[in-house]
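>>> Sharing a sequence plus its predicted fold:
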Amino acid sequence: LAHALRYVTGSREKARAWLRTAREIVCEHGLRLVEAPIAIFSAWIEEVLGQAEDIERELALAQAHANPLSPFGAAYYRAGRAFLLARQNDVRNAIIQMREATSLFERGGFTLGQVASCTALTGMHLESQDFAGVQEAWAQVARLMFHGELRSYAEKLWSAGVALGMKDEEHATSELREAFALGATCGFESVLSEHCFHHTTAMLCAHALKHGIEPSYAASIVRAQGLVPTSADCEDWPWPVRIHVLGGFSLELEDRRVTFSRKAPKKPLELLKALVVAGRPNISVDWLGAQLWPEAEGDAAHDTFNVTHSRLRKLLRTDDVLLLSEGKLSLNRTKVWADVWVFERLTEECLEVLRREPNRSDIEALSERLLSLYQGELLEGELDAPWHAAARERLRSKFMRSLKALGDYWEANAVWESAQRLYERALEIDSAAEELYQRLMKIHLRGGRRAEALRVYHRCRAMLSSVLAVAPSQETESLFQSIARSR
């Protein structure tokens with residue numbers, strides 16, 4: 001049973017193997033009295049590594065074989081039930097069950113059980129933003145637990161979690177820096193990996209990655225505990241799959257760019273691009289087939305999809321990235337990051353922020369983020385396909401609308417340098433955006449830089465001719481004539 005605690009190392013199969021051995025010994029020798037403890041240990045391991053139904057199964061076994069005279073069995077059962085309730089987001093009742101477990105452990109004089117249950121209570125209170133409850137529960141842990149690296153690590157983590165919850169980022173960063181430095185040294189990646197800690201741990205890891213705090217260790221926690229990101233926009237998160245489609249296509253698996261020594265698998269990549277560009281879950285398999293392989297019909301179309309889907313699943317090499325259910329296919333957004341998804345959310349956020357009274361730093365951050373995400377047109381350099389031509393224009397329109405709204409803000413506040421810098425950087429991405437040339441010409445003219453305004457016009461004329469094979473619009477020509485006549 002002691003070896004079942006190998007779950008601390010994150011090895012689910014090793015832990016299960018030891019428990020299977022324990023159960024075989026029970027059956028061979030008729031040791032019925034330990035069936036309940038084995039089931040309790042199994043439930044605890046499944047809480048860390050399994051699914052809710054696994055916990056339910058083991059808790060039912062524990063209850064069926066429980067010794068009514070044993071306070072330890074009752075305490076462990078309540079702890080297991082509390083973990084299950086927390087996983088089901090019933091934190092209030094989870095806390096009630098865990099407090100009962102703590103009371104039973106205390107009555108039986110089982111200090112280790114008290115420490116474990118009070119540590120769980122600390123995490124549950126933190127999940128529900130009950131900071132007074134966090135302090136109360138951790139005070140009990142501190143009273144019982146010997147001083148050492150594990151205690152210091154947990155103490156700093158909880159302190160950082162409370163600080164983040166109270167919006168004290170400076171203190172959170174300081175505490176997290178100490179905790180993760182210690183954790184990296186001691187190899188604590190799988191410590192405190194129960195599900196009731198997952199949201200807090202994911203939040204702390206996201207903060208650490210954003211601020212460059214032990215990023216390798218933070219990423220190892222995410223992988224060891226199977227954490228999901230607190231936000232789909234967390235670009236620093238160690239996403240198993242990362243996809244870029246703006247300014248060209250690239251695919252990264254576990255932070256390594258995928259390259260092909262021979263011919264790239266065209267059909268699986270077409271399917272992946274279509275799933276990303278569609279920008280929504282549960283895409284009909286029939287729709288995908290019609291868009292990607294219109295020449296195939298009936299059974300041939302389904303056969304083509306099945307083969308392509310299988311090849312793409314093998315290419316991505318990560319479980320549960322592709323979700324197929326009832327004839328609809330999705331990408332799992334807890335495991336996949338795509339630049340276009342973040343970009344579309346950012347354009348909405350940009351317009352929403354501008355409707356309020358934003359401060360200058362917010363607009364600067366939005367401008368920088370917008371330009372860093374939109375590296376060029378959708379799947380730039382690839383031949384147009386019917387399924388992404390409309391999406392390409394839609395995304396370009398969103399980019400230009402957001403960009404002009406940001407420029408309007410700078411111009412309305414007479415921050416001409418910021419407006420100029422925004423337009424110039426945008427033109428590096430989209431050299432045929434005629435309206436941006438017009439805005440630049442006006443800014444230079446307002447600043448008395450007539451020669452620079454004329455140079456912008458000639459650059460506009462050359463780019464439109466080269467990229468689109470068209471001449472400047474009448475509005476641009478009229479602006480040029482006005483500048484040329486001015487002295």
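Nice, I can see it. Numbers count the residues shown, from 1 in each chain.
>>> now the nearest residue to G183 once chain neighbours are set aside: how far from A184?
Take G183 and drop its neighbours on the chain: the residue closest to it by Cβ to Cβ, 6 or more residues apart in numbering is Y153, 5.5 Å away. (Glycine included, C-beta is placed from N, CA and C.) According to Cβ to Cβ, to the nearest Å, Y153 and A184 sit 10 Å apart.
>>> So for these two, which residue has more residues nearby?
When Y153 and A184 are compared for neighbours, Y153 comes out ahead with 21 against 16, by other Cβ atoms under 10 Å.
>>> other SSEs contacting the helix or strand where that one lies?
Assigned by DSSP states H and E, Y153 belongs to helix 149-165. Counting contacts by 3 or more Cβ pairs under 8 Å, 6 or more residues apart in numbering; DSSP states H and E, helix 149-165 is packed against helix 111-127, helix 131-144, helix 169-186, helix 198-210.
>>> Serialize the ones you listed to TSV and add fields for mean pLDDT and distance to T334.
Shown next, in TSV, are the helices and strands packed on helix 149-165 (pLDDT from 0 to 100; distance: least, Cβ to Cβ, whole Å):
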stretch	mean pLDDT	distance to T334
helix 111-127	91	18
helix 131-144	93	27
helix 169-186	96	23
helix 198-210	94	10
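>>> Dump the ones you listed to CSV, plus distance to R87.
What follows is the helices and strands packed on helix 149-165, written out as CSV (distance: least, Cβ to Cβ, whole Å):
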stretch, distance to R87
helix 111-127, 11
helix 131-144, 19
helix 169-186, 24
helix 198-210, 9
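>>> These: which one's closest to E58?
Minimum separation from E58 across these (Cβ to Cβ) falls at helix 111-127, 17.0 Å.
>>> residues of that closest one that come out buried?
Buried residues in helix 111-127, counted by 16 or more other Cβ atoms under 10 Å: 113-127.
>>> Return the distance of that helix from the chain's centre.
Remark: helix 111-127 is offset 27 Å from the chain centroid, using Cα atoms, centre = their mean, to the nearest Å.
>>> which strands and helices sit next to that helix?
For helix 111-127, the packing partners by 3+ Cβ pairs under 8 Å, 6+ apart are helix 71-87, helix 91-107, helix 131-144, helix 149-165, helix 198-210.
>>> The stretch 301-450 of the chain: helices as residue ranges?
339-355, 360-373, 386-412, 416-429, 434-446, 450-463 (DSSP state H, counting those that start in this stretch).
>>> Now do the closest residue in space to C196 that isn't next to it in sequence, the pLDDT please.
In space, and not counting its chain neighbours, C196 is closest to A86: 3.9 Å by Cβ to Cβ, 6+ apart. On the pLDDT scale, A86 is placed at 87.
>>> Look up how far A94 lies from A86.
4 Å.
>>> And E344, by the same measure?
37 Å.
>>> ok, the two, which is more surrounded?
Higher neighbour count among E344 and A94: A94, with 24 against 16, using other Cβ under 10 Å.
>>> Please verify my assumption that that one contacts E194.
No: in this structure, A94 is not within contact of E194 by Cβ atoms under 8 Å, at 11.1 Å.
>>> Quick check: chain neighbours aside, which residue is closest to E106?
Once flanking residues are discounted, E106 sits nearest to Q114: 5.6 Å by Cβ to Cβ, 6+ apart.
>>> so where's this protein shaky on pLDDT?
The model of the chain has pLDDT under 70 over residues 1-12, 48-50, 487.
>>> Which positions in the helix holding Y153 come out as buried?
Neighbour count says helix 149-165 has 150, 153-165 buried, by 16+ other Cβ under 10 Å.
>>> With stretch 190-201 instead?
Neighbour-count burial for stretch 190-201, with 16+ other Cβ under 10 Å as criterion, is recorded at 190-201.
>>> just how off-centre is that stretch within its chain?
Taking Cα atoms, centre = their mean, one finds the center of stretch 190-201 at 16 Å from the center of the full chain.
>>> Next, show the common contact partners of A86 and A94.
Both A86 and A94 are in contact with 124, 196, where contact means Cβ atoms under 8 Å, 6 or more residues apart in numbering.
>>> Contact partners for the most centrally placed residue in the chain?
Taking Cα atoms, centre = their mean, the centroid of the chain lies closest to P229, which sits 3.3 Å from it. Residues in contact with P229 (Cβ under 8 Å, 6+ apart) are 202, 206, 237, 239, 334.
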